[in-house]
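S.K.: What follows is a protein structure lacking sequence information:
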């Protein structure tokens, strides 16, 4: 199952594979460690097909154990501290039978859990003798859903060799993007660099110290980098590519980052827990137009909504009905514009604000407000209104304490100079807390 990865490990045996807590671990060490965990899995009587919970973040043992469990054809359920409050619920939904808890010292504790993994999808995986992967959605638009993958399909694309790169594992261990980064880097003999904190200072310090070439992240974190000005304190000359996804990118944020770092390639990515990560190509570093697809993926646009058919699509949800059409298409819920082969992702239809029949996409309004010098973060959403159906609202975090009345007037005046009247926020509130989740994705209320 993972022989192609083990072949890479043997080929680059002397080279470093993982940097964790400023210590380097070679591909030879990783090869030995995968073997070690295969023996431990057998010694603990864990059968093939068991639902195994991995409570961890990226570390040498979490990477080796992930691969050993894949080879043992278990169903993996990675969970990070970002979902600490939800872990009991998620473990029950996933019918976890064993848990591997990896602490901050990279020590592993193995426990038996009181559940039996008898869901029909687990039965399907066992019949196929295939490893599984269970990923929980962020729950940003409602209850978290548990997507079940046959890992055979997800692994297939990593058998084709691409670029060797040094990358920060910014996206989380229990996120489709984090798993994708890990497998991409390892399958090409690159270097995974973990960070102790996902802050602009810690991440950019790692970029400088470990000569990072690839930083996979989110628009929210790119904005935090700009806001913190941490880039002024670190040498980013080795950084070749910054990839971003998980949410719409404000055009003002993209433009400013590109102006500051014109030599860094900015590449929009697109992926979902339900279908995996598509290959993507941005029209240019300062463009929001992107081409998505690649081998194993088909795309279509129906009534302005992107649909995807993927060979690597999940089997379904453990705790929700199947979202696929009868012929296998997944409705992403993302509204897009089309220009030939390129798409521009406007945002989730569920977040669309309908003002008297006119469409307002929150990301467009956020992009304008974000241009204002005093704004640290802004979240735009809709509230019900008896006359227009909905009004546009903005929740703003400022760099310094505001004069609410004066800044509200200033914000509305600025928006009126840049946007049609129906897109200008009617209600403006001020908050001190950050407006993103642990996955660095904007937390936006559903449009009323």
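M.R.: Noted; the coordinates are in hand. Note that the coordinates shown come from a computational prediction; the quantities given were computed from them, not determined experimentally.

S.K.: Tell me which stretches of the stretch 51-200 of the chain form helices.
M.R.: For the stretch 51-200 of the chain, the helices defined by DSSP state H, counting those that start in this stretch cover 60-71, 87-93, 120-128, 151-156, 176-187, 200-209.

S.K.: from the chain's centre, how far out does the first one sit?
M.R.: The chain centroid and the centroid of helix 60-71 are separated by 20 Å, computed with CA atoms, centre = their mean, to the nearest Å.

S.K.: rewinding a little: least reliable of the helices of the stretch 51-200 of the chain going by mean pLDDT?
M.R.: Lowest mean pLDDT within the helices of the stretch 51-200 of the chain: helix 151-156, a mean of 91.

S.K.: what about the residue of the chain positioned farthest from its centre, distance to residue 355?
M.R.: Most distant from the centre of the chain: residue 387, at 38.2 Å, with distances by CA atoms, centre = their mean. Separation of residue 387 from residue 355 (CB to CB, to the nearest Å): 10 Å. Where C-beta positions appear, they are placed from N, C-alpha and C, glycine not excepted.

S.K.: mind checking the SS state of the residue farthest from the centre of the chain?
M.R.: Assigned with DSSP: H, G, I helix; E, B strand; the rest coil, residue 387 falls in the coil class.

S.K.: where in this protein is pLDDT low?
M.R.: For the chain, residues meeting the criterion pLDDT under 70 lie at 139-142, 445-448.

S.K.: Can you check which helix is longest in it?
M.R.: Longest helix in the chain, counting residues (DSSP state H): helix 27-43.

S.K.: Now do the buried residues in that helix.
M.R.: For helix 27-43, the neighbour count (16 or more other CB atoms under 10 Å) marks 27, 29, 30, 31, 33, 34, 37, 38, 41 as buried.

S.K.: Those into TSV, with extra columns for distance to residue 431?
M.R.: As requested, the buried residues of helix 27-43 are exported to TSV (distance: CB to CB, whole Å):
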residue	distance to residue 431
27	46
29	46
30	44
31	49
33	45
34	46
37	45
38	49
41	47
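
S.K.: just the strands in the stretch 101-250 of the chain please.
M.R.: With DSSP state E, counting those that start in this stretch, the ranges of strands along the stretch 101-250 of the chain come out as 108-112, 132-136, 146-150, 166-168, 191-193, 214-217, 241-244.

S.K.: CSV for these, including mean neighbour count and distance to residue 382?
M.R.: Output for the strands of the stretch 101-250 of the chain, formatted as CSV (neighbours: other CB atoms under 10 Å; distance: least, CB to CB, whole Å):
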stretch, mean neighbour count, distance to residue 382
strand 108-112, 14, 45
strand 132-136, 26, 27
strand 146-150, 24, 28
strand 166-168, 23, 35
strand 191-193, 25, 40
strand 214-217, 24, 28
strand 241-244, 21, 25
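
S.K.: can you redo those strands as CSV with distance to residue 441?
M.R.: Output for the strands of the stretch 101-250 of the chain, formatted as CSV (distance: least, CB to CB, whole Å):
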stretch, distance to residue 441
strand 108-112, 29
strand 132-136, 14
strand 146-150, 16
strand 166-168, 17
strand 191-193, 22
strand 214-217, 11
strand 241-244, 11
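
S.K.: coming back round to it: between which two of the buried residues of helix 27-43 is the distance greatest?
M.R.: Across these, no pair lies farther apart than 27 and 41, at 21.0 Å, counting by CB to CB.
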